[in-house]
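Participant: sequence? don't have it. structure:
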């Protein structure tokens with residue numbers, strides 16, 4: 001049994017909702033659902049607390065084995081390591097996962113200039129096979145947390161968004177993280193269309209939210225301080 005299946009099984013057995021688990025860690029219910037599907041996995045430093053919440057052991061989350069293996073022998077090494085929260089835990093599937101850094105959105109876009117090395121501690125573990133499926137090179141993968149409702153219903157406030165920072169050339173209808181001179185880092189869908197203020201075809205930043213009074217179309221600023229950071233490729237669903 002993999003970690004996602006274990007989390008789902010234990011959560012349901014305890015009558016916990018996805019939201020309840022998310023609230024315990026300050027993350028969204030969709031992030032917990034992503035753990036359970038196996039698309040991502042919890043940060044290693046969260047595993048002891050997650051095990052306590054689910055009334056199980058860190059060793060069981062990691063290996064799917066209880067105190068005794070299938071042959072009936074005690075596994076002291078795994079159990080001892082699981083009990084030591086301040087010790088690096090064994091990661092039997094580390095070859096399957098890549099830790100994707102999380103961008104510090106507030107620091108990443110000073111004056112519209114993207115600072116790629118500004119990240120918060122840690123990140124989110126993604127399956128390497130998923131990154132390949134999304135066409136995202138590991139070195140170019142970054143995550144951010146969406147803020148606000150401008151891209152609702154497709155990207156909800158607080159959702160994890162996976163970016164491919166190697167894919168910065170505008171493509172019709174795709175969603176990009178964009179540093180703008182006045183808006184900081186924004187997630188917008190790029191549309192090639194006529195705009196009356198330009199009197200010509202141009203790239204337009206469009207919100208998915210149907211309320212166009214609150215979220216009007218804007219021209220992608222033709223400014224050297226504007227920079228496409230990367231294409232958004234996933235936020236619980238492929239974008």
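Facilitator: On my side now, so go ahead. Note that this is a predicted model, so its numbers are computed, not measured.
Participant: show me how the record splits the protein into domains.
Facilitator: By the record's domain assignment, the chain is partitioned as 3-92, 97-234 (automatic domain parsing).
Participant: weakest of the ones you listed by average pLDDT?
Facilitator: Lowest mean pLDDT within the domains of the chain: domain 3-92, at a mean of 70.
Participant: what strands line up against the biggest strand by length in the chain, and which way round?
Facilitator: Determined from DSSP state E, the single longest strand within the chain is strand 184-195. Here strand 184-195 is paired, per DSSP bridges, with strand 175-180 (antiparallel), strand 200-206 (antiparallel).
Participant: CSV for these, including distance to residue 212 and mean neighbour count?
Facilitator: C-beta coordinates here come from the backbone N, C-alpha and C atoms, glycine included. Below are those laid out as CSV (distance: least, Cβ to Cβ, whole Å; neighbours: other Cβ atoms under 10 Å):
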stretch, distance to residue 212, mean neighbour count
strand 175-180, 17, 24
strand 200-206, 9, 16
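Participant: make JSON lines from those and add distance to residue 56 to it.
Facilitator: Formatted as JSON lines, the strands paired with strand 184-195 follow (distance: least, Cβ to Cβ, whole Å):
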{"stretch": "strand 175-180", "distance to residue 56": "37"}
{"stretch": "strand 200-206", "distance to residue 56": "45"}
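Participant: tell me which of those strands lies nearest to residue 98.
Facilitator: strand 175-180 (19.3 Å; Cβ to Cβ).
Participant: show residues contacting the closest one.
Facilitator: Strand 175-180 has contacts (Cβ atoms under 8 Å, 6 or more residues apart in numbering) with 108-109, 112-114, 144, 151, 154-155, 161, 163, 168, 170, 185-190, 205, 220-221, 225-232, 239.
Participant: now, which of these lie within strands?
Facilitator: 109, 113-114, 144, 161, 163, 185-190, 205, 227-232.
Participant: any idea how far residue 168 is from residue 48?
Facilitator: 39 Å (Cβ to Cβ, to the nearest Å).
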